[in-house]
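Chemist: sequence and computational prediction follow.
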Amino acid sequence: MDFISTRIITADVARLVGFYEHVTGVRAAWANEEFAELRTATGTLAIGGVPTVALFAPGSARPAENRSVIVEFLVDDVDATFKGLPEDADVVNEPKTMPWGNRSLLVRDPDGNLVNFFTPVTDAARQRFGR
């Protein structure tokens, strides 16, 4: 089995894609106006509109209601990522070093989903991520 992607359901695909393109520097690949993917070397963030849910199971996912998942991005310099955030970014925690050796920045995307940008800063953390 291979883990392929995480999908966020939103009521405004263009807005959410625009946010993730800005903060990651990755251009989205659009399948249509209701579905886009931001592909990296290690995973894909898929963003789907509400109408896509009906194709699987109507009503099974609702936009802007997540309170249990954090989308995480490994970045080269979390402090530079912080400085490059949009002015209206909803910053939950400015960059700080965590006990497990990552320097992390926690924000909310426009739908309120938590997003963690992190850089390993200790030797042990860098080894875990091959850096």
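Modeler: Right, received. Where do you want to start?

Chemist: now the strands: where do they sit in this protein?
Modeler: Ranges of strands within the chain are 5-10, 29-32, 35-39, 44-49, 70-74, 90-97, 102-108, 114-120, based on DSSP state E.

Chemist: got the buried residues for the first one?
Modeler: Pointing back at strand 5-10 there. 7-10 (16 or more other C-beta atoms under 10 Å). For the C-beta atoms, the positions are set from N, CA and C on the backbone; glycine is no exception.

Chemist: adding pLDDT and distance to G43, write those residues out as CSV.
Modeler: Converted to CSV, the buried residues of strand 5-10 look like this (pLDDT from 0 to 100; distance: C-beta to C-beta, whole Å):
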residue, pLDDT, distance to G43
R7, 96, 12
I8, 97, 13
I9, 97, 18
T10, 98, 19
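
Chemist: show me the domain layout of the chain.
Modeler: 1-60, 66-131 (automatic domain parsing).

Chemist: how far does the last one sit from its chain's centre?
Modeler: Its chain's C-alpha centre and that of domain 66-131 lie 10 Å apart, by C-alpha atoms, centre = their mean, to the nearest Å.

Chemist: start to end distance for that domain?
Modeler: 31 Å (C-alpha to C-alpha, to the nearest Å).

Chemist: okay, the angle between the longest helix along the chain and strand 70-74?
Modeler: What stands out as the longest helix in the chain, according to DSSP state H, is helix 13-24. For helix 13-24 against strand 70-74, the angle by axes from the mean of the first three to the mean of the last three C-alpha atoms, to 10 degrees is 40 degrees.

Chemist: buried residues, helix 13-24. List them.
Modeler: 13, 16-17, 19-20, 23-24.

Chemist: give me the contacts around it.
Modeler: Applying C-beta atoms under 8 Å, 6 or more residues apart in numbering, the contact partners of helix 13-24 are 8, 10, 26-28, 30, 33-36, 38, 40, 45, 47-49, 73, 81, 84-86, 89, 107, 109-111, 115, 117.
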